[in-house]
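Undergrad: Quick one, structure for this:
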Amino acid sequence: MGVSNNITAVLNFIALLCSIPIIASGIWLASKPDNECIHLLRWPVVILGFLILLVSLCGFLGAYWYKETLLAFYLCCMAILIALLLIVLILAFVVTKPDGSYGVPGRGYREYRLDGFSSWLKDHVVDPKSWNKIRACLADTDLTSLLFRHDVVSLQQLVVTVM
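TA: Here you go, the predicted model:
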């Protein structure tokens, strides 16, 4: 077996081992009580873990025993994965490019308003159906109890309290 196949086999074996905690965390999320935030993540995490397991297994077996069909399947899947990751990355930069921050005179921090973000993000957050999901997600966290406490009077104290 060539050196490049050894490297490919080792890297795919490591990816195979890393997929096990991803699958386990997805199953753990699925076993948690129903929560709007977790509801969005539970099955995509399990599916992603199994896809990583399948692709890395094909890459490992193809590189270890030099099975060209498995290596071809592995390379096609990796090319699709890289293209999808690039698309998600570009979309994230386009949507969040205007960061919504405004300078505050006399302060060392910047103010954030919804008006400064992209129109797609504003429309998505302002949409009542989306906002109800966001509100339900925030209601289940400890952040709301911190916001409504009377001794938290400024944003800086809130950040220090959360950290």
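Undergrad: Could you point out which residue ranges in the protein have low pLDDT?
TA: Scanning the chain for pLDDT under 70 picks out 1, 34-36, 98, 140-163.
Undergrad: all strands in it, in order from the N-terminus.
TA: 101-103, 110-112 (DSSP state E).
Undergrad: What pairs with the first one, parallel or antiparallel?
TA: It stands for strand 101-103. strand 110-112 (antiparallel) (DSSP bridges).
Undergrad: ok, now how distant is Arg135 from Ser19?
TA: For Arg135, the distance to Ser19 equals 34 Å [C-beta to C-beta, to the nearest Å]. Every residue, glycine included, has its C-beta placed from N, CA and C.
Undergrad: Could you do Ala72 as well?
TA: For Ala72 relative to Ser19 (C-beta to C-beta), the value is 21 Å.
Undergrad: Compute the number of surrounding residues for Asn12.
TA: 21 (other C-beta atoms under 10 Å).
Undergrad: try Asp123
TA: 10.
Undergrad: Leu51 too?
TA: The number of residues near Leu51, taken as other C-beta under 10 Å, comes to 14.
Undergrad: quick one: Asp127 and Ile47, what's the gap?
TA: To Ile47, Asp127 is 26 Å away according to C-beta to C-beta.
Undergrad: Fine by me, we can end here.
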